[in-house]
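**Student:** Sequence and computational prediction follow.
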Amino acid sequence: MQTDPNGPNPKKSKDSPSNSANTESTQSPSPFPDEVLEKVLSFLNSDKDRSSVSLVCKDWYNAERWTRTKLFIGNCYSVSPEIVARRFTKIKSVTLKGKPRFSDFNLVPQNWGADVHYWLLMFANVYPFLEELRLKRMTISDESLELLATSFPGFRALSLMSCDGFSTDGLKAIATHCRSLTELDIQDVDMDDFCGGWLSCFPEDFGSLEVLNFATLDSEVNFDALERLVSQCKSLRVLKVNKTITLDQLQRLLLRAPQLMELGTGSFQQELLPGQFGDLGIAFSNCKNLRTLSGLWEVASIYFPVLYVACASLTFLNLNYTALRSDEFGSLLAHCPNLRRLWVLDTVEDKGLEAVGSSCPLLEELRVFPADPYDQHLRRGVTESGFVAVSRGCRKLHYVLYFCWQMTNAAVATIVQNCPNFTHFRLCIMNPGRPDYLTNEPMDEAFGAVVKNCTKLQRLSMSGLLTDLTFEYIGKYAKNLETLSVAFAGSSDRGMQCVLEGCPKLRKLEIRDCPFGNAALLSGLEKYETMRSLWMSSCNVTINACQRLAREMPRLNVEVMKDKESDDSRADKVYVYRSVAGPRRDAPPFVLTL
Amino acid sequence: MAYENDMNLKATELRLGLPGTIDESQIKEPSFLKSNNKRSSGDMDNSANEDECSPVPKAQVVGWPPVRSYRKNVLQQQKKNFDSDVLGMYVKVSMDGAPYLRKIDIKVYKNYPDLLVALENMFKFSIGVYSEREGYNGSEYAPTYEDKDGDWMLVGDVPWDMFVNSCKRLRIMKGSEVKGLGCL
């Protein structure tokens, strides 16, 4: 949410039609009666549009704030609950994001913050009609879940992505009290799973769920309760069960929910009798609306034929926890000609990716995850040829996440020539600082090719041996870049400076283990206020430089975390973000706020 | 044996060359000290160089590769299954009367005939013709396997993929025991 840091003062724009009315708003009516303006603005959904509207003049600012119902806060510390409560009065839906993204990879210690409780207390006071809460990388306790469940009678949708701090007890509270719940979506969380009894806490006559995703949880749920739930929720369109659900149980669920659009299966490996096999095939074939398929934990590929009919209309196939060989993957893929999005494990190898290139001409997004990211010696998985093969067959590709052990500049150049429409290019060569394995040169030209060819590039993650030249290319060509992730790269401060100077739309910059120092950090003084955040860890930045940054830019929060072994002057982890709320009051002792 | 002799006799062995010089080729480097040779693919020629010049220590770096904690945990659990799938499914093969067992990778074979021919070659015997009613006819041998439940089954009854996924070891039975199976 973009707030005007100066408070609700009108920004006088020369072209604003209400400019003249503005200064006399207390004396003469504005050309637009409030009700009309509010009605018009109520159709505006995009946050960006609403932010622009709010900056026109005071009347528009007010009309906008009285009509906004959806709140999006990309950094929970950029604003405070009090400020939000003062400005907006009719919020029904909140999205909050907390910790820096590198917390996904254990770079942020526990108890860092981003606890939602204080927000919930405010919401309970000010937004009793709250219906939706979507959290990403936030901490939420069972107590908070209980507060949530009991404070908002109309509460409908809860989505927790990469969150932590709660247990199945909290889920019990949600299931018990939220009578109008339509969505319960839990993904990639770090929670305590005591038992599956929470599912049985839904009232017996409960029938409003549209989305249920508990794939992440480990415990077995009561199957009868689940079956009853599924048959009563006639509008259920997303169902993602966990590993404990067997194939014959899945078949029974599918029979009750043929309207499903997204399915996450449980285990796909039970030994079926021939009759059961046929029944499963029929159950899948009955699901005419299936567009997304995931789960498939522990597969026996002999059962794939039951999926073939459904595969024909699939647009998203998520096999990122399914270890498949190239041949079994290829035969499945042959039945999925309409795929737009595909997530796989690298066990399918280059041969599997060749099959992608030949079977999925409509593919727009590919993510290849490593099955064995830590075993350097075995080096299995995919190589540059798999990637090239996909780019040849899938010309509409615009989003890629690719983990591999080797890459060449030439291959990447070919790939972006075949697919110039990349908006998201995330390449992870898993051995840090690895050069082009054929020429032994840095991978500068590879990423140079990416930014030169892909003018729509919004997000870039780089890896391999990279010098400052890569960053020069980025600063020169990546004019639409919003998010940049850098690791083990660059030769000097100049690298980081090029990016800060050259990328006008940069919002998030995350850097680790690069030789960027104080000069680089301080070259972005004014830039950081136009960005959401900067993360720098294991670089060459000192505490003094961070203090200077904090002094000169009071509207930035500069937070430093030190490693135990390092000397006093080093700032091992630096997190800089703009905020209208001032330094945060809940910082734990290991976070130094400068 | 030769290595042992070298060690013992080195001081007294007669060689051409000035005293004090060491013939490099005589020194056998223990294999575990050799640089990473485990990769079989030929295009990894730069591997030795790369390992030496690698700027980052081979010990695991925190948070790298950037794989989410949740994914890490799930993959640890799946690693066992996966390894046997992709690394090969080696099972012991015993033959009644043979002094030692063999090991084969059943994932290498595409179907039963492939597997049976390989077994015939390995143990120099002949298997006969399979039929659902009578098992293996025309031979005093029958290939059997132990499945996941610990039961001994006749090879050939279930679909190939199911067999591959449930076979834990193989035993080629001979003689009177075979007759017993055939009568079932």
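**Tutor:** Yep, that arrived. Numbering: from 1, shown residues only, chains lettered A, B, ... in the order given.
**Student:** okay, CA-based contacts and neighbour counts for the rest of this
**Tutor:** Will do.
**Student:** Point out where chain B drops to low pLDDT.
**Tutor:** B:1-60, B:76-88, B:175-184 (pLDDT under 70).
**Student:** quick one: contacts for whichever residue of it sits closest to chain A?
**Tutor:** Proximity of chain B to chain A (C-alpha to the nearest C-alpha) peaks at B:G63, 4.5 Å away. In this structure, B:G63 makes contact with A:105-107, judged by C-alpha atoms under 8 Å, 6 or more residues apart in numbering or on different chains.
**Student:** ok, which stretches of chain B are strands?
**Tutor:** B:90-95, B:102-105, B:129-131, B:135-137, B:141-146, B:152-154, B:169-174 (DSSP state E).
**Student:** In JSON lines: the ones you listed, plus distance to chain A.
**Tutor:** Shown next, in JSON lines, are those (distance: least, C-alpha to the nearest C-alpha, whole Å):
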{"stretch": "strand B:90-95", "distance to chain A": "17"}
{"stretch": "strand B:102-105", "distance to chain A": "15"}
{"stretch": "strand B:129-131", "distance to chain A": "21"}
{"stretch": "strand B:135-137", "distance to chain A": "22"}
{"stretch": "strand B:141-146", "distance to chain A": "16"}
{"stretch": "strand B:152-154", "distance to chain A": "16"}
{"stretch": "strand B:169-174", "distance to chain A": "19"}
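**Student:** okay, those strands in JSON lines with mean neighbour count and distance to A:D327 next?
**Tutor:** What follows is the strands of chain B, written out as JSON lines (neighbours: other C-alpha atoms under 10 Å in any protein chain shown; distance: least, C-alpha to C-alpha, whole Å):
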{"stretch": "strand B:90-95", "mean neighbour count": "18", "distance to A:D327": "19"}
{"stretch": "strand B:102-105", "mean neighbour count": "16", "distance to A:D327": "17"}
{"stretch": "strand B:129-131", "mean neighbour count": "13", "distance to A:D327": "28"}
{"stretch": "strand B:135-137", "mean neighbour count": "20", "distance to A:D327": "31"}
{"stretch": "strand B:141-146", "mean neighbour count": "22", "distance to A:D327": "25"}
{"stretch": "strand B:152-154", "mean neighbour count": "18", "distance to A:D327": "27"}
{"stretch": "strand B:169-174", "mean neighbour count": "20", "distance to A:D327": "24"}
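**Student:** right, and the secondary structure at the nearest residue to A:L71 once chain neighbours are set aside would be what?
**Tutor:** Leaving aside its chain neighbours, A:L71 sits nearest to A:V94 (4.7 Å; criterion: C-alpha to C-alpha, 6 or more residues apart in numbering or on different chains). Of the three states, A:V94 takes strand under DSSP: H, G, I helix; E, B strand; the rest coil.
**Student:** My guess is A:V94 contacts A:R68. True?
**Tutor:** No. Counting by C-alpha atoms under 8 Å, A:R68 is not a contact partner of A:V94; they are 11.0 Å apart.
**Student:** higher neighbour count, these two?
**Tutor:** Each of A:V94 and A:R68 has its neighbours counted (other C-alpha atoms under 10 Å in any protein chain shown); A:R68 has more, 23 against 18.
**Student:** Spell out which residues of the stretch 201-350 of chain A are next to chain B.
**Tutor:** Residues of the stretch 201-350 of chain A found near chain B (C-alpha under 8 Å from any C-alpha of the partner chain) are A:298, A:302, A:321, A:323, A:325, A:347.
**Student:** Going through those residues, which ones are buried?
**Tutor:** When burial is judged by neighbour count using 16 or more other C-alpha atoms under 10 Å in any protein chain shown, the buried members of those are A:298, A:321, A:323, A:325, A:347.
**Student:** Among the residues you listed, which one sits closest to chain B?
**Tutor:** A:A323 (6.2 Å).
**Student:** And the closest one, how far from A:T383?
**Tutor:** According to C-alpha to C-alpha, to the nearest Å, A:A323 stands 17 Å off from A:T383.
**Student:** low pLDDT regions in the stretch 101-250 of chain A?
**Tutor:** Residues of the stretch 101-250 of chain A that meet the cut-off, pLDDT under 70, do not exist.
**Student:** so what's A:G196 up against?
**Tutor:** Contacts of A:G196 by C-alpha under 8 Å, 6+ apart are A:168, A:219-222.
**Student:** Derive a ChimeraX selection command for the buried subset of those residues.
**Tutor:** The following ChimeraX line selects those of the contacts of A:G196 that are buried, judged by 16+ other C-alpha under 10 Å:
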select /A:168,221
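**Student:** Residue 171 - nearest residue in space that isn't next to it in sequence?
**Tutor:** Answering for chain A, as no chain was given. Sequence neighbours aside, A:W198 is the residue nearest to A:L171 in space, at 6.0 Å (criterion: C-alpha to C-alpha, 6+ apart).
**Student:** Oops, wrong one, chain B.
**Tutor:** That would be B:S94: by C-alpha to C-alpha, 6+ apart, it lies 4.7 Å from B:R171.
**Student:** ok, so what distance separates the one you found from B:P143?
**Tutor:** 10 Å.
**Student:** Are there residues contacting both of these two? Which ones?
**Tutor:** Joint contacts of B:S94 and B:P143 (C-alpha under 8 Å, 6+ apart) are B:170-172.
**Student:** All the helices of the stretch 301-450 of chain A, residue numbers only.
**Tutor:** For the stretch 301-450 of chain A, applying DSSP state H, counting those that start in this stretch gives helices covering A:308-311, A:326-333, A:349-359, A:384-393, A:409-418, A:444-453.
**Student:** export the ones you listed to JSON lines and tack on mean neighbour count and mean pLDDT?
**Tutor:** Listed next are those as JSON lines, based on neighbours: other C-alpha atoms under 10 Å in any protein chain shown; pLDDT from 0 to 100:
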{"stretch": "helix A:308-311", "mean neighbour count": "22", "mean pLDDT": "94"}
{"stretch": "helix A:326-333", "mean neighbour count": "19", "mean pLDDT": "94"}
{"stretch": "helix A:349-359", "mean neighbour count": "23", "mean pLDDT": "96"}
{"stretch": "helix A:384-393", "mean neighbour count": "22", "mean pLDDT": "97"}
{"stretch": "helix A:409-418", "mean neighbour count": "20", "mean pLDDT": "98"}
{"stretch": "helix A:444-453", "mean neighbour count": "23", "mean pLDDT": "98"}
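**Student:** can you list the residues of chain A near chain B?
**Tutor:** Close to chain B, as judged by C-alpha under 8 Å from any C-alpha, chain A has residues A:104-107, A:188-190, A:298, A:302, A:321, A:323, A:325, A:347, A:371-374, A:377-379, A:428, A:430-434, A:437-438.
**Student:** Show me which of those residues are buried.
**Tutor:** A:104-107, A:188-190, A:298, A:321, A:323, A:325, A:347, A:371-374, A:379, A:428, A:430-434, A:437.
**Student:** Those in strands, which ones?
**Tutor:** A:190, A:298, A:428.
**Student:** which residues pair with the first one across the strands?
**Tutor:** Beta-bridge pairing of A:D190 under DSSP bridges involves A:D164.
**Student:** which residues does A:K240 contact?
**Tutor:** Neighbours of A:K240 in contact, by C-alpha under 8 Å, 6+ apart: A:212-215, A:262-266, A:294-295.
**Student:** That should have said A:L460, apologies.
**Tutor:** A:424-426, A:481, A:483-485.
**Student:** Can I take it that it is in a strand?
**Tutor:** Yes. Counting by three-state DSSP, A:L460 is part of a strand.
**Student:** Check A:N9 and give its pLDDT.
**Tutor:** With respect to pLDDT, A:N9 has a value of 41.
**Student:** The one 3 residues further on now?
**Tutor:** As predicted, A:K12 sits at a pLDDT of 41.
**Student:** just to revisit the earlier point, from what I see, the residue nearest to A:L171 and A:S167 are in contact.
**Tutor:** No. Here A:W198 lies out of contact with A:S167, judged by C-alpha under 8 Å, at a distance of 10.0 Å.
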